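*Asks:* Dropping the sequence and predicted coords here.
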Amino acid sequence: MAKNITVIVLAAGQGKRMRSDLPKVLHPLAGRPLLAHVLGSAQALRAREMRVVHGHGGELVKQAFAGQPVKWIHQAEQRGTGHAVRQAMPGIRSGDVVLVLYGDVPLVPPETLRKLVAKASKGQLAILTARLPVPTGYGRIVRGERGRICAIVEEKDATPAQREIDEINTGLLACPAARLAGWTRRLRANNAQKEFYLTDCVGLAVKDGVPVVSVTAGSPDEVLGINDKMQLAEAEAILRRRLTTELMLSGVTLADPERCDIRGTLKCGRDVYIDADVIIEGTVVLGDGVRVGPFTLVRDATVGAGTVIHSHCVIEQGVIGTRCDIGPYARVRPEVQLGDGAKLGNFVEIKKSVIGAGSKVNHLSYIGDATIGSKVNVGAGTITCNYDGANKHRTIIGDGAFIGSGVELVAPVEIGPGATIGAGSTITRAAPAGQLTLERSRQATIPNWKRPAKKSR
């Protein structure tokens, strides 16, 4: 394969059929913009440079990829694919192989691109083709003697015989930079749209005696272009099948592969089980033997071996220890660490807190901005009152403490190791270690009191 590769990604289209204010290449596919998938495949080739031709919504696109190793080319006037490539050619080294990709064709795998580059590195024009059972709407690959490509004919210009051809042009190509630069300069807008077509380079190559060779896509799925929301959903389903197949082949058990959405990167240990309707977002690591219940979202989290996440949970940016038990209906918000063997029960919300090994927050509680030691029991309905309307304050609970049900811990406050807090207490001052602390107002019954009644109309 050529060592020096420059990638040009055409991403200037407005995408009117998406019916959206968002530039087409920024629409999400499996949690990442379409363009991110294209650049990811290109990066796998270790290209010298990646150039993205942008137009509509270009500033939004550039902002979305700020910090990426990309050179941005502005195509102020969209006059066709050939014109876009011509805009991007200045400054590319003549000895490079140029690989032309499209920002709305996100599913082409790196191995297919490597084949294109390998053929172009021999001085040829290499184009990516595909065979479709119904090729309607695509340009056809016309071959002459010995199966050599001699032309690409658009469907509206094709003869009845040519329309029977099932090999179509995808638009992706690779070519030595010097030749591509020369051909794009020679393109003419001799068509009804008055545009410069990149496909006309095929005819120029044939005229110049340069071999035009093809790489056939492994599947029509690889070359699906995204022009509307239906095609976006189709691409989502294709990518989902790819990702879930990889997971199952690696040993992960999926209750229903069609109902598991991977919108990021998922790494799993051995004997992981994922139930139906689970969504994975960002970067997620599941250790050996982890079980994830149905209707659960896990985002940017690491989950230790043997942990069970029951149904209907939301885990965001947490570090979960081994053998933890979470849910059902628990929410772990960002900046949470659970020690080994910790338990969060049903309808528990926790944020920006550390829960020690073996501690339990069983049900109907809110824990925020807290540090809880090991083997602590937090009773039902406990609330850490961490916000005073302007600032957040911390609650500290020592090892082995027991917090009764219905307790309010008004931060900043510290509960000593081994302390017991009586049910129904509102604790505003430090509770000493190893002792019972409680705070309750006197109960009173008011004789002859009557509840207010609405006046009749």
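*Replies:* Everything's here; your move. Because the structure is predicted, anything quoted here is derived from the model rather than measured.
*Asks:* Could you list the domains of the chain?
*Replies:* Using automatic domain parsing, the domain parsing of the chain gives 5-223, 252-437.
*Asks:* Pull the number of nearby residues for G91.
*Replies:* Counted with other C-beta atoms under 10 Å, residues neighbouring G91 total 10. C-beta here means a position set from N, CA and C on the backbone, and glycine is covered the same way.
*Asks:* which ones are touching L99?
*Replies:* L99 is in contact with 5-8, 42, 45, 47, 113, 116-117, 120, 172-174, counting by C-beta atoms under 8 Å, 6 or more residues apart in numbering.
*Asks:* one step back: and the domains of the chain, which one's lowest on average pLDDT?
*Replies:* With a mean of 93, domain 5-223 has the lowest mean pLDDT of those.
*Asks:* Centre of the chain to that one, how far?
*Replies:* The chain centroid and the centroid of domain 5-223 are separated by 24 Å under C-alpha atoms, centre = their mean, to the nearest Å.
*Asks:* same thing with stretch 417-428?
*Replies:* For stretch 417-428, the distance to the chain centre is 44 Å (C-alpha atoms, centre = their mean).
*Asks:* Tell me the first helix or strand C-terminal of the lengthiest helix in the chain.
*Replies:* Counting by DSSP state H, the longest helix found in the chain is helix 229-249. Next along the chain after helix 229-249, taking DSSP states H and E as the criterion, comes strand 253-254.
*Asks:* what helices or strands is that following strand leaning on?
*Replies:* helix 229-249, strand 273-274 (3 or more C-beta pairs under 8 Å, 6 or more residues apart in numbering; DSSP states H and E).
*Asks:* Strand partners (parallel or antiparallel) of it?
*Replies:* Strand 253-254 pairs in its sheet with strand 273-274 (parallel), by DSSP bridges.
*Asks:* the inter-axis angle of the helix or strand just after the strand it pairs with versus helix 229-249?
*Replies:* Next along the chain after strand 273-274, taking DSSP H and E as the criterion, comes strand 278-286. Relative orientation of strand 278-286 versus helix 229-249 (axes from the mean of the first three to the mean of the last three C-alpha atoms, to 10 degrees): 40 degrees.
*Asks:* rewinding a little: buried sites along the longest helix of the chain?
*Replies:* L232, A235, E236, I238, L239, R240, L243, T244, L247 (16 or more other C-beta atoms under 10 Å).
*Asks:* sorry, back to before: any idea which of the domains of the chain gets closest to K454?
*Replies:* K454 sits nearest to domain 252-437 of all the domains of the chain, at 30.9 Å, using C-beta to C-beta.
*Asks:* Could you dump the helices and strands packed on strand 253-254 into a markdown table with distance to G381 added?
*Replies:* Formatted as a markdown table, the helices and strands packed on strand 253-254 follow (distance: least, C-beta to C-beta, whole Å):
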| stretch | distance to G381 |
| --- | --- |
| helix 229-249 | 39 |
| strand 273-274 | 32 |
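*Asks:* coming back round to it: mind checking which of the contacts of L99 land in strands?
*Replies:* I5, T6, V7, I8, L172, L173, A174 (DSSP state E).
*Asks:* just how off-centre is the longest helix of the chain within its chain?
*Replies:* Taking C-alpha atoms, centre = their mean, the mean C-alpha location of helix 229-249 is offset from the chain mean by 12 Å.
*Asks:* Stretch 345-355 now?
*Replies:* 26 Å.
*Asks:* now swap in stretch 440-456 and tell me
*Replies:* 56 Å.
*Asks:* And stretch 249-262, by the same measure?
*Replies:* Here stretch 249-262 is found 17 Å from its chain centre; the criterion is C-alpha atoms, centre = their mean.
*Asks:* try stretch 438-448
*Replies:* With C-alpha atoms, centre = their mean, you get 55 Å for stretch 438-448.
*Asks:* Which residues does C260 form beta bridges with?
*Replies:* Counting by DSSP bridges, the residues bridging with C260 are V278.
*Asks:* ok, now which ones touch it?
*Replies:* By C-beta under 8 Å, 6+ apart, the contact list for C260 reads R240, T244, L254, I274, A276, D277, V278, I280.
*Asks:* among those residues, which ones are buried?
*Replies:* Buried subset of these (neighbour count, 16+ other C-beta under 10 Å): R240, T244, L254, I274, D277, V278, I280.
*Asks:* Run a quick neighbour tally on T184.
*Replies:* Quick note: T184 (other C-beta under 10 Å) scores 24 neighbours.
*Asks:* tell me which element it falls in.
*Replies:* Assigned by DSSP H and E, T184 falls in helix 177-186.
*Asks:* Output the contacting helices and strands for that helix.
*Replies:* Under the contact definition 3+ C-beta pairs under 8 Å, 6+ apart, helix 177-186 sits against helix 81-88, strand 97-102, helix 200-207.
*Asks:* and the angle for whichever helix or strand comes after the last one with helix 200-207?
*Replies:* Of the helices and strands lying after helix 200-207 in sequence (DSSP H and E), the nearest is strand 212-216. Taking the same axes, to 10 degrees, one finds that strand 212-216 is oriented at 130 degrees with respect to helix 200-207.
*Asks:* still on that earlier bit, report the buried residues of the helix holding T184.
*Replies:* For helix 177-186, the neighbour count (16+ other C-beta under 10 Å) marks A177, A178, R179, L180, A181, W183, T184 as buried.
*Asks:* I'd say K267 and L286 touch.
*Replies:* Yes - counting by C-beta atoms under 8 Å, K267 does reach L286; the two are 7.3 Å apart.
*Asks:* which of the two has more neighbours?
*Replies:* L286 (26 against 13).
*Asks:* beta partners of the more buried one?
*Replies:* Counting by DSSP bridges, L286 is bridged to C268, V303.
*Asks:* OK, contacts around it?
*Replies:* Counted by C-beta under 8 Å, 6+ apart, L286 has contacts L266, K267, C268, G269, V272, V292, V298, V303.
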